[in-house]
Every structure is written in structure tokens, then in C-alpha cells.
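Novice: Provided below for reference: sequence and predicted model.
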Amino acid sequence: MHGSTETRVEKERQGRAGRWLVRFPRGVPVAIFLAIALITALSVVAIEAGEDRRERAVMREVAQSIASALDRRGNATEAYLRAGSALFATADEVRLPLFRRFASELRLDADRRGSEGIGWAEVVRRENLAEFERAVQAERMGPFEVRSEAGAAGDVLVPVTFLKPDTERNRRALGFDLYSDPVRREAMDEAARMMRPTATGKLVLAHATGDDATGFLIFMPVFESRAGTRQLMGFIYSPFDAQYFLSSAMDMLAHKQMGVRLYDGPADRANLLAEHAPEQESGNRIEQQIRIANRALLIEIESARTGTLSPLSMATLLFGLAVASLLMMLARLLTRQALEDEASLEFFEEQNSIRNSLTRELNHRVKNTLASILSIISLTRRRTENLDEFVDGLEGRVRALSATHDLLTQSDWGTTPVRSVIEAELAPYSGGDAGIRLDGPAIELAPNDALSLGLAIHELATNAAKYGALSQPGGSVTIEWELEAEELVKLHWIERGGPKVDPERKSGFGTDLIQKIVAHELRQPVELRFDPEGVSCTLRVPMRVRSAFQIRERLARLSD
């Protein structure tokens, strides 16, 4: 009992699903496709959101890694500068041997950690400048001249006295008055005031022609004690090529496809110190603040991941669309099967209805045909005097009915053209020089009306062949028809060129057949005239409603 209940519920559920498929044959497959596509889209969005979070996490990790590397290099340089400041503060004068010994201990040629080296800039009063230049020339055993920025003036100069390692750029920097540049002067004043390493802002290193290397300097003041007071001797400093400084921090970076930019202050192109361009610009950036030698710098990380979908998202999208397409195709097949099943049921119901209708119609037509034949037999018997004449007359009229029946059979008992009915009945007389002319529009007749018209044309043609225009050469028969009042077909039979017709001739069987049987079947009067120049007949055939033979037309469409 429980199993039968479940089976019934399952059938009802399947029936409801089938009704939905039939009711919305296109909507259900499209709805399934859109539902799966929506789920796929949401999955892709979720995956992309996860990928974005992961990318942001990696970007933060890269930013922290670079910030730590730069901070370590900055701290190491600060430690060297502090050590040098302490060493030089113990000496009465900073001479070249002392500076070289200190620089060699730092192993600047092997490990510069992003800096361009280390230098010493002594504070000189302008009145002592000439003496200072001679002392440095003697110590260096070469030319030495102090240079200042154009327009710079002041009593105090801080020229670059010594600079290691010995590179072309560093040699060009010797003698340059660092204090004459506002950017460097601001950092030196701050360093002297705070007595700690202080970095400059963005500047061009060495001021060498054609050398536009961007960087910054870190200054550490050196004081000497004289008579209980501190006096500024000079600055130990380290120049930094910003691009080299940044590249050294990225040597061990695993995500080199990302973009890294180092700014002196806010992220503005004018403040850019160094840049490692991403493989593809995405606009997805994060920032990380660091401090190098008491100066705030900004690290900007740009993701190389553009707006294209990740491999996982692309695979999910393709898989989802494939599943959605397959399910849509399956739903479409089920919908088509459901429609075919419903069409089959409707077809079987229609066939059953048609079968019943055809049975009733066949009974009706058989009765009508038998009644017509009985009437023909009765009239033929009364109008003939021997058996041969009876047989010939009866056979001709039955053949007329048969010819029209063949036309109706060819059209599946649908509508039959007026012209086809007339041509079928006149076929035995249309050969040779027979003067038969047909003229009229294309009009379709119902089956019963076609039978009646065919019988009338047969009688008229038989009469014309025996006694009228078709009985001798030169005779002609004209059949014309037209639509009258949109409900009747008016047909004219006109004979000319035959034997002269006796107006007082006795009415024959054909006349009685046309005026009685045909007029009764068509429910319209027949006008038959025996003019001397030839017989004329006017028939009116009704245009009946097609409901009786539309059933077969629907059956034919279903069969196709």
C-alpha cells in the first residue's frame, strides 16, 4: 500500500513536470540554462573575490618584505655612519689615511647594501677655503677644487673631501659644496640639530653632466670637544642610488612580476625615487610606509594580475557553461518528447473522432449515392423501351458519378475545382475538332455539390453529343462560370452551331434528371432553355461551409 502511494505521487510529480515542459517548451530549457549560468557566474565571482584577497595578501607580504629589506639596509648604513662619527670625533683632524682605514673595514667594494659608498665632508669657513684646498691637494697628491651651486653664498662650506669606493661618479662628486644645495643643507642642519643620521629628500646624485641618477643622502654629524664645548667638524655621509637601493632589496623577492615603486613622500610622479615596473599594469595597488634615517618614504606595490579571469575561474566558467548547455539540450529533448507525446495523444483522439465522423459521413454519402442511383434507375426505366437502351443510359450516368468520385478521391474528399469537374465529364468529347471552351475563375466546390454538378454536365454533354452542338462538325459548347453574391457559383452552358432545336420537343430523361435530381441536390433552380440556335442551361451551385471536410485536412496536417 505504501509502495503504491509513492508510485502515484511520483507519477503525479512527473505529470506536473511534463505539463511544465509542454506549457513552456522554450522557457523551461532557457530557464535551466540561465539558472546554471547564474550559479556558474556566482561561483566565478566568489573565486575571483578569493583570488583578489589572496593577491592582496601576497601584495602585503611583498610590501612588508621590501620594507624590511630596505629598513635593514638603512639601519646598517646608519650603524656604519654612527661608528664613523664616533671614530672621527676622537681624532683632531680627519685625514685620508684614517678615512681609508675606516672605509676598508666596511668592505664597501664587496657589500654596499644599496648605497653608493661612504664619504667625509668637512666644515670649512670661507676665509679658510684656500688653505683647506692646498691641504687636501697635498694629501691627495692631485688637484682639488671646491665647487658650489650657482648663486650660493655663505660663510660656511661643507665640500666633499673624501669618498669611497673610488668610482667615476664618486670622483666627480669630490669638492662639491654639499651645503650650497638647499635639499642637502636642510638634511645636514636637521642631522646636526638632532645628532642622528638624517636622510635628504629626492635629488640627483653627483650633479654630473648626463648623469640623472635619482637618489638621496644620509648625513651623520661629527662633533669635536674643545674647551668643554662641542664644535661641528663635518659630516660622514652615504649617498644612495634609489634604483640600486630598491633593486638590492628585491634580489630575494619571489614575486618579481609585481610592480614596486619607492616615493619620497606621497605617491606622486614628482616624488618617485625608483621603480620596478609590473609585467602588466593593473591599477591594483597597496602602500607601505617606512622610515629611512628619520625620513618617511612610501613603498607602493602594484599587482600584475589584470582583469582577466584566473585559470580556476576560467575552468569553472567553461565547465559551468558546458553543463548548462548539456542540461538545456537535455531539457529541450525532453520538451520535444513531451510535445510529441502530447501531439500523438491529440492525433489519436483526432483520429478516433475523424473515424467516427467518417463513418457517419460515409453512411450519409452511401445513402445519397444509392438514392441518386435509384432515382436514375427509376427515370431510365420509365424513359426506355428495351433492355439495351436501359443498360446504355444507366451505364453512362453511373460512369459520370464514378468520374466525379475519382476526382473527390484524389482530393481526399476535400474541395474540388469547378474546372476539374467539367473537364472530367467532357473528356470523352474534347478530342479532335470539338469546339469546347471553358472560362471561369478558380473556385472550389464541396464534395456533394461536385457530384451533382458532374451529373448535370454529363447529361448536358450526352444530350449535346446525341442531338446538339457536339453531334456535327462546326458545333461549339461554351461553359462559363462566375462567383455570384459570394455564396453561389453561377454556371452557363451554351450550345451553338448544332442542328436547329425544336422548341416543342418532348422533355427527355436528361432534362428530368437535371431539373429534378440536380436541382434537388443543389437546392437551387435550374434554368434550361431550348432556343432554336442551341440549348442553354444556367446552374447555381452553393458555396458550402467547409466544416465537413476540414476534419480530413487537419488529419492530413497531423500525418505530415
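Specialist: Thanks, I have it. Numbers count the residues shown, from 1 in each chain.
Novice: could you pull out the strands for the stretch 301-450 of the chain?
Specialist: For the stretch 301-450 of the chain, the strands defined by DSSP state E, counting those that start in this stretch occupy 416-417, 435-439, 444-445.
Novice: Of those, which is nearest Ala249?
Specialist: Across the strands of the stretch 301-450 of the chain, the minimum distance to Ala249, taken as CB to CB, is reached by strand 444-445, at 96.3 Å. Every C-beta, even on glycine, is put in place using the N, C-alpha and C of the backbone.
Novice: packing partners for that closest one?
Specialist: Using 3 or more CB pairs under 8 Å, 6 or more residues apart in numbering; DSSP states H and E as the contact criterion, the secondary-structure elements in contact with strand 444-445 are strand 416-417, helix 418-426.
Novice: Flag every buried residue along stretch 331-338.
Specialist: Taking 16 or more other CB atoms under 10 Å as the basis for neighbour counts, the residues of stretch 331-338 that come out buried are Ala331, Arg332, Thr335, Ala338.
Novice: I'd like those written out as a markdown table, with distance to Ala173 and pLDDT added.
Specialist: What follows is the buried residues of stretch 331-338, written out as a markdown table (distance: CB to CB, whole Å; pLDDT from 0 to 100):
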| residue | distance to Ala173 | pLDDT |
| --- | --- | --- |
| Ala331 | 79 | 72 |
| Arg332 | 80 | 74 |
| Thr335 | 84 | 75 |
| Ala338 | 89 | 70 |
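Novice: Among these, which ones are in helices?
Specialist: For the buried residues of stretch 331-338, the ones inside helices are Ala331, Arg332, Thr335, Ala338, with DSSP state H as the criterion.
Novice: my read: the third one touches Val28, true?
Specialist: Yep, that's Thr335 we're talking about. Yes - Thr335 is within contact range of Val28, at 6.2 Å (criterion: CB atoms under 8 Å).
Novice: all helices of the stretch 251-400 of the chain, in order?
Specialist: Using DSSP state H, counting those that start in this stretch, the helices found in the stretch 251-400 of the chain span residues 311-383, 387-410.
Novice: least reliable of these going by mean pLDDT?
Specialist: For these, the bottom mean pLDDT is recorded on helix 387-410, which sits at a mean of 64.
Novice: Given the helix or strand where Glu480 lies, what are its sheet partners and their directions?
Specialist: Using DSSP states H and E, Glu480 maps to strand 476-484. Using DSSP bridges, the strands paired with strand 476-484 are strand 435-439 (parallel), strand 488-496 (antiparallel).
Novice: okay, the angle between it and helix 418-426?
Specialist: If you take axes from the mean of the first three to the mean of the last three CA atoms, to 10 degrees, strand 476-484 sits at 150 degrees to helix 418-426.
Novice: Report the buried residues of strand 476-484.
Specialist: Under the neighbour-count rule (16+ other CB under 10 Å), strand 476-484 has Ser476, Val477, Thr478, Ile479, Trp481 buried.
Novice: repeat for stretch 157-164
Specialist: Going by neighbour count (16+ other CB under 10 Å), the buried part of stretch 157-164 is Leu157, Val158, Pro159, Val160, Thr161, Phe162, Leu163, Lys164.
Novice: which one among the residues you listed gets closest to Glu149?
Specialist: So of the buried residues of stretch 157-164, ranked by how close each gets to Glu149 (CB to CB), first place is Leu157, at 11.0 Å.
Novice: Backbone dihedrals for the closest one, please?
Specialist: Dihedral angles of Leu157 (phi, psi; degrees, to the nearest 10) stand at phi -130, psi 150.
Novice: give the contact list for it.
Specialist: Listed by CB atoms under 8 Å, 6 or more residues apart in numbering, the contact partners of Leu157 are Val123, Val124, Arg125, Arg126, Leu129, Val146, Ser148, Asp177, Tyr179, Ser180.
Novice: Surely the second one touches Ala130?
Specialist: No - under the contact definition of CB under 8 Å, Val124 does not touch Ala130, with a separation of 10.1 Å.
Novice: Compare the two (neighbour count), which wins?
Specialist: Taking other CB atoms under 10 Å, Val124 and Ala130 do not tie; Val124 has more neighbours (22 against 10).
Novice: tell me the contacts of the more buried one?
Specialist: Val124 sits next to Phe132, Val146, Val156, Leu157, Val158, Pro159 when contact means CB under 8 Å, 6+ apart.
Novice: and the helix or strand containing Ser452, what's its mean pLDDT?
Specialist: The secondary structure element spanning Ser452 is helix 447-466 (assigned by DSSP H and E). Per-region confidence: helix 447-466 scores 81 on mean pLDDT.
Novice: now swap in stretch 97-106 and tell me
Specialist: When pLDDT is averaged over stretch 97-106, the result is 85.
Novice: Please identify which helix or strand holds Gly74.
Specialist: Short version, using DSSP H and E: Gly74 is in helix 27-89.
Novice: Which pLDDT value belongs to the nearest residue to Glu78 once chain neighbours are set aside?
Specialist: Across the structure, with CB to CB, 6 or more residues apart in numbering as the measure, the residue nearest Glu78 apart from its sequence neighbours is Pro197 (4.3 Å). On the pLDDT scale, Pro197 is placed at 94.
Novice: Return the distance of Pro197 relative to Ala242.
Specialist: Computed as CB to CB, to the nearest Å, the Pro197 to Ala242 distance reads 17 Å.
Novice: Of these two, which one has the most company?
Specialist: Using other CB under 10 Å, the more surrounded residue of Pro197 and Ala242 is Pro197, with 27 against 23.
Novice: Next up, phi/psi of Ala152, please.
Specialist: The phi and psi values for Ala152, taken as degrees, to the nearest 10, are phi -80, psi 140.
Novice: show me where the stretch 101-250 of the chain has helices.
Specialist: For the stretch 101-250 of the chain, the helices defined by DSSP H, counting those that start in this stretch cover 129-140, 168-173, 182-194, 242-249.
Novice: tally of neighbours for the spatially closest residue to Leu297 that is not a sequence neighbour?
Specialist: Computed as CB to CB, 6+ apart, the closest residue to Leu297 that is not its neighbour in sequence is Ile290, at 5.3 Å. In terms of burial, Ile290 registers 18 neighbours under the definition other CB under 10 Å.
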